[in-house]
Structures are given as C-alpha cells and as structure tokens.
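Here is my input; please provide its structure:
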Amino acid sequence: MNTPRPVAIGYVCGADDSLVTQQRAEVTRYVEAEGLALAEVLHDTGDGFTISQIVEAAQLRHASQVLVPADAHLSDARHRLTQDLADHGALCVVIGEQSPVSARPRLRPGRAEMHTRAAKRTGSIAPVASALASPNFSE
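Next up is the predicted model:
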C-alpha cells in the first residue's frame, strides 16, 4: 500500500525569466530530494502576492510546506509567513541557502540549548558539562 507524499507549494518571484527559471529549478530539486508532491508553483511577477494569499493557496492544496527560494523577495518576510502558516499546520522552508531553513516557531529554548549558548559566549564548555551531569537537569 502506498502512502501519499506530503504536499508542497513553491513560490518564485521575478520579472527576469532567467531568475524565475533558476528559482523553479531550486524548488523542483528540493521537492525531488525530499520526496514531496509539488501541487503548484506560485509565480509572483512583482504585483506582490500577499502572505494571506500564499497561506490560502497552501490551505486549498493541503500543502504542509511552502518552499521559498532564498533570493525571492518573500524570503525577507519569512518570519511572518512562518507564523501564519503555523496556524494552519504548515511550514515555510527557505531553500537555496547553505542549508534549507525550516522555520518553526519555538516558544523558548530548552535548558541544554541555553547552556550551549552561554558556553559559546564564554568560550567554555564546563558549564554545559556540569549542567548536563546535574541530577536536576531536565529538558
């Protein structure tokens, strides 16, 4: 029995055909590599899709991810898009950077993450090791 693949929609933006072609190729490569089903690629010609229109398109196609190339202008608004998509159980994934950024809102970092950040600031891992070894440590 085959299970359905997760659905994604892509977003590309630009008046320059070569840029749009490059962005579409990035979206296609990501979809193929991740085993997603691409329902649609929204092409913003500069008139400007609103974030609510993109969220609505994701909802209509039951998409769990919206794929945005890093050089598309919407990638600058990814935090707002992420929040609006999260309300509907979907993710915003910015592709074409060093590694894809799957922006999932977090309420607060766990204790281990806070200790790791402190260790990076001080240059010492001793606080991290002692915190993790502590009998009171819990995530």
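
Only C-alpha atoms from now on, for both contacts and neighbour counts.
Noted.

Where does residue 39 sit: helix, strand or coil?
Of the three states, residue 39 takes strand under DSSP: H, G, I helix; E, B strand; the rest coil.

Next, find the distance separating it from residue 9.
5 Å (C-alpha to C-alpha, to the nearest Å).

what residues do those two have in common as contacts?
61, 63 (C-alpha atoms under 8 Å, 6 or more residues apart in numbering).

If you count surrounding residues, which of those two has more?
Comparing residue 39 with residue 9 by other C-alpha atoms under 10 Å, the one with more neighbours is residue 9, at 25 against 16.

Isn't that one up against residue 67?
Yes - if you go by C-alpha atoms under 8 Å, residue 9 and residue 67 touch, sitting 6.2 Å apart.

tell me the domain ranges of the protein?
7-103, 107-139 (automatic domain parsing).

By mean pLDDT, show me the worst of the ones you listed.
The minimum mean pLDDT among those belongs to domain 107-139 (a mean of 44).

got the CA coordinates for the lengthiest helix in the chain in CSV?
Secondary structure assigned by DSSP state H gives helix 17-34 as the longest helix of the chain. C-alpha atoms of helix 17-34 as CSV (Å, rounded to 0.1, in the frame of the first residue of the first chain):
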residue,chain,number,x,y,z
ASP,A,17,12.9,34.9,-16.8
SER,A,18,16.3,33.5,-16.0
LEU,A,19,15.9,34.2,-12.3
VAL,A,20,12.4,32.6,-12.3
THR,A,21,13.8,29.6,-14.1
GLN,A,22,16.6,29.2,-11.6
GLN,A,23,14.1,29.5,-8.7
ARG,A,24,11.8,26.9,-10.2
ALA,A,25,14.7,24.6,-10.7
GLU,A,26,15.6,25.0,-7.0
VAL,A,27,12.1,24.3,-5.9
THR,A,28,12.0,21.2,-8.2
ARG,A,29,15.3,19.8,-6.9
TYR,A,30,14.2,20.3,-3.3
VAL,A,31,10.9,18.6,-3.9
GLU,A,32,12.5,15.6,-5.6
ALA,A,33,15.2,15.3,-3.0
GLU,A,34,12.7,15.4,-0.1
